[in-house]
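Pasting the sequence and the predicted coordinates here, then a few questions.
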Amino acid sequence: MDNWWESFVLTFIPLFIVIDAIGNLPFVISLTYGMSHHERHRVIHIASVTAALIGLAFLFFGQFVLNVMGISVGAFAIAGGLILLVLSVRYMTSGRMVETVKEEMVAVVPIGTPLTVGPATITTLLLLVNQFPPYIVLVSFMVNVFLTWIIFLLSNHIARFMGQGGLKAISRVFSLLLTAIAVNMVIHGLDLLGIINIAD
């Protein structure tokens, strides 16, 4: 049981950081500004379902896609780590990871993807499922999606309580942690490819 909880924590925390529900609150608030209570909740419901479906698709079929394309997990880890590094540095310098496209249906794009489940989350899922039992990664991901759904539903209340300054501060901390995770992914990828040897 202790090992299960340890694995759950080790998979839950990276996913919580890369999904960054609190850091995405300003986007959710701005993109749903002016909507009625019913419309805002509908957007959040659709966004959460979209994020869950995309994440589950890569969780269960991502490895198959890599095998078909002849891409090793080590190479993907390095590429994913570099992508995460670019995204985190971009966020720390510009205040955003991706460009939003308001002409699209905001529930699916950009809230569902790529804000909630984007390159960072997909990369993390693929790497975690190669290090931990798939069912633990699945539970961690679905708990994160559920928490994200709750946080988004409470977006206006949380924003009023924390203020824009508080939201930005927490998001910056998550970005710094994401940078550390990105570097760790590159190192792990180099280890998988046998380029370096990480002592246990």
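Happy to help now that I have it.

pLDDT on the host helix or strand of residue 166, on average?
Using DSSP states H and E, residue 166 sits within helix 155-192. Here helix 155-192 scores 75 as its mean pLDDT.

Please, where are all the helices along this structure?
For the chain, the helices defined by DSSP state H occupy 2-19, 25-31, 37-69, 73-94, 119-128, 134-153, 155-192.

Pick the most deeply packed of the ones you listed.
helix 119-128 (a mean of 24; mean count of other Cβ atoms under 10 Å). C-betas here are computed from N, CA, C, even on glycine.

what residues does that helix touch?
If you take Cβ atoms under 8 Å, 6 or more residues apart in numbering as the criterion, helix 119-128 is touched by 11, 14-15, 18-19, 54-55, 58-59, 62-63, 66, 73, 76-77, 80-81, 83-84, 87, 97, 137, 140-141, 178, 181, 185, 188.

Next, the angle from that helix to helix 37-69.
Computed by axes from the mean of the first three to the mean of the last three Cα atoms, to 10 degrees, the angle separating helix 119-128 from helix 37-69 equals 50 degrees.

Now do helix 119-128: distance to the chain's middle.
A distance of 8 Å separates the centroid of the chain from that of helix 119-128, by Cα atoms, centre = their mean, to the nearest Å.

Report the angle between it and helix 2-19.
Using the same axes, to 10 degrees: helix 119-128 against helix 2-19 is 160 degrees.

how about the CA coordinates for helix 119-128, as PDB?
Extracted in PDB, the C-alpha atoms of helix 119-128 (Å, rounded to 0.1, in the frame of the first residue of the first chain):
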ATOM      1  CA  PRO A 119       2.500  19.100 -25.300                       C
ATOM      2  CA  ALA A 120       3.600  19.300 -21.700                       C
ATOM      3  CA  THR A 121       0.900  17.000 -20.300                       C
ATOM      4  CA  ILE A 122       1.100  14.500 -23.200                       C
ATOM      5  CA  THR A 123       4.900  14.200 -22.900                       C
ATOM      6  CA  THR A 124       4.500  13.700 -19.100                       C
ATOM      7  CA  LEU A 125       1.900  11.000 -19.600                       C
ATOM      8  CA  LEU A 126       4.000   9.000 -22.100                       C
ATOM      9  CA  LEU A 127       7.000   9.200 -19.900                       C
ATOM     10  CA  LEU A 128       5.200   8.300 -16.600                       C
END
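
can you give me the mean pLDDT across it?
pLDDT averaged over helix 119-128 gives 84.

Start at 58, not 1
Yep, numbering from 58; the last one is helix 176-185 now.

how far off helix 130-151 does that helix point, in degrees?
Using the same axes, to 10 degrees: helix 176-185 against helix 130-151 is 150 degrees.
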